[in-house]
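Chemist: 3D model of this:
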Amino acid sequence: MPAFQYTALNDKGRQKRGVLEGDNARQVRKQLRDLSLVPISVEAVTAKEQSIQKKSGLSLKRRISVAELALVTRQLATLVQAGLPLDEALTAVSQQCDKARLKSIVLAIRGGVMEGKSLAESFTDYPHIFDSLYCSMVSAGETSGSLGEVLIRLADYTEKRHAIRQKTQIALLYPTILSFVAIVVVAGLLAFVVPKVVAQFATAGQDLPGATQLLISLSDLVINYWLIALLTAFAATVAIKWGLKKAAFKYSFDKQLLALPAIGKVILGVNTARFSRTLSILTSSGVPLLDALTISGRVLSNVCLKAAVSDAANHVKEGSSLNRALAETGYFPPMMLHMIANGEKSGELDTMLERIADNQDREFEMLVAMALGLFEPLLILTMGGVVLFIVIAILLPIFELNTLVG
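Modeler: Numbers count the residues shown, from 1 in each chain. As a prediction, the model looks like this:
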């Protein structure tokens with residue numbers, strides 16, 4: 001039976017929200033009245049989620065977290081492997097959900113299964129939560145009779161992705177705060193401290209050194225044009241975000257990112273690791289290589305790499321090997337290509353792809369650690385150099401004045 005989200009009033013006039021199953025909205029309203037509740041709104045979960053999906057800004061805010069998705073997948077895999085029927089397993093998972101929205105989605109999926117849909121088909125009703133990779137793997141698991149094993153692989157993949165994202169966010173937190181503090185300190189010195197100190201030299205009538213004049217110019221720039229600078233930065237950010245919605249600009253932007261010395265290497269490492277792991281999971285789950293390549297290309301964040309994988313898929317379709325097709329793109333690292341070639345020869349492509357993903361993850365963590373290890377002392381040295389310049393620019397007129405007096 002379909003799941004419905006409801007809002008109702010109890011006998012004390014307080015609103016109550018929840019989820020009930022029923023054949024239609026009228027039956028759910030009757031159930032609410034039998035529970036001494038006055039229904040205010042009753043809406044099918046599937047219809048509500050589809051309306052959320054159409055509103056792009058809202059759908060991003062209402063998307064369930066990766067951690068929640070991994071937990072639900074792990075619970076469902078455990079129950080399926082324990083031999084529970086799929087509808088009972090979904091009921092048990094819904095009872096474990098703390099959030100009402102997630103519970104309603106699981107119950108709606110159960111309703112689809114009870115109506116005769118496959119689990120993968122029920123997942124496709126919520127593409128903003130269960131992507132093509134997820135649905136394809138579940139479909140392959142149902143077809144091969146190894147749904148439990150496939151769900152465990154999905155849970156592992158989702159948890160690893162969540163762990164890498166958390167590590168990256170935590171690693172970037174300290175340098176971001178440090179950069180913000182450095183900018184605020186320098187701007188504060190130029191806006192409030194320097195004008196008061198330099199004002200003392202104006203009455204002396206002496207020629208100021210070049211460093212001091214430059215400092216005064218920078219101070220005036222910060223005081224007089226800080227609002228224009230903020231508005232310009234905001235306008236540039238909005239313009240870039242708007243431009244990234246255009247396919248041509250997005251492709252050009254992502255291609256330039258890949259060409260950057262350090263940033264490009266990090267982006268390439270993250271995407272190749274994601275591509276390898278996704279392709280490994282799909283091929284080991286029984287998904288045909290061409291379909292696996294197409295789905296793996298969709299999980300990449302860089303449009304230029306997506307296009308490269310799409311070209312590689314066309315070459316594979318024409319009879320080329322995966323190793324040669326990826327090598328022709330010019331983006332994938334040699335070690336990855338050699339390991340893929342070895343996997344194709346030995347018939348253990350999925351195992352090799354998993355090793356490639358693990359290797360790329362390690363390289364990514366090393367790159368991030370190395371970049372942060374270099375960035376922090378460089379930022380401190382830069383900050384010290386700026387403060388030293390300010391101090392010297394202030395002291396030079398004082399030294400010259402003392403020399404003249406002497």
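
Chemist: so where's the stretch 51-200 of the chain shaky on pLDDT?
Modeler: 51-63, 200 (pLDDT under 70).

Chemist: Helices of that one, residue ranges please.
Modeler: 56-62, 66-81, 86-96, 100-114, 119-123, 132-144, 147-188, 194-202 (DSSP state H, counting those that start in this stretch).

Chemist: and the ones you listed as CSV, adding distance to S36 and mean neighbour count?
Modeler: Bear in mind the C-beta positions are built from the backbone N, C-alpha and C, glycine included. Formatted as CSV, the helices of the stretch 51-200 of the chain follow (distance: least, Cβ to Cβ, whole Å; neighbours: other Cβ atoms under 10 Å):
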stretch, distance to S36, mean neighbour count
helix 56-62, 31, 11
helix 66-81, 32, 20
helix 86-96, 23, 18
helix 100-114, 20, 22
helix 119-123, 33, 21
helix 132-144, 40, 20
helix 147-188, 40, 16
helix 194-202, 71, 14
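
Chemist: Which of these sits closest to K30?
Modeler: helix 100-114 (17.7 Å; Cβ to Cβ).

Chemist: If we ignore the residues flanking it in sequence, what's nearest the residue nearest the centre of the chain?
Modeler: Residue closest to the average C-alpha location in the chain (Cα atoms, centre = their mean): R165, at 7.2 Å. The shortest distance from R165 to any non-neighbouring residue, by Cβ to Cβ, 6 or more residues apart in numbering, is to V66 (7.0 Å).

Chemist: tell me the angle of the host helix or strand of A369 relative to helix 147-188?
Modeler: A369 belongs to helix 349-405 when assigned by DSSP states H and E. Following axes from the mean of the first three to the mean of the last three Cα atoms, to 10 degrees, one obtains 10 degrees for the angle between helix 349-405 and helix 147-188.

Chemist: Excluding covalently adjacent residues, which one is nearest to A262?
Modeler: Nearest residue to A262 in three dimensions, chain neighbours excluded: A371, at 6.2 Å (Cβ to Cβ, 6+ apart).

Chemist: Hmm, the one you found is touching G269, no?
Modeler: No: counting by Cβ atoms under 8 Å, A371 sits too far from G269 to count as a contact (11.5 Å).

Chemist: what about those two, which has more around it?
Modeler: Taking other Cβ atoms under 10 Å, A371 and G269 do not tie; G269 has more neighbours (21 against 17).

Chemist: Tell me the spacing between that one and Q360.
Modeler: Distance, G269 to Q360, by Cβ to Cβ, to the nearest Å: 6 Å.

Chemist: Turn the helices of the stretch 51-200 of the chain into CSV, columns for distance to G286.
Modeler: Putting the helices of the stretch 51-200 of the chain into CSV (distance: least, Cβ to Cβ, whole Å) gives the following:
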stretch, distance to G286
helix 56-62, 31
helix 66-81, 17
helix 86-96, 19
helix 100-114, 21
helix 119-123, 13
helix 132-144, 5
helix 147-188, 9
helix 194-202, 68
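
Chemist: by contact count, what packs against the helix or strand hosting Y225?
Modeler: Assessed by DSSP H and E, Y225 sits inside helix 210-244. Helix 210-244 sits against helix 194-202, helix 247-259, helix 349-405, with contacts defined as 3 or more Cβ pairs under 8 Å, 6 or more residues apart in numbering; DSSP states H and E.
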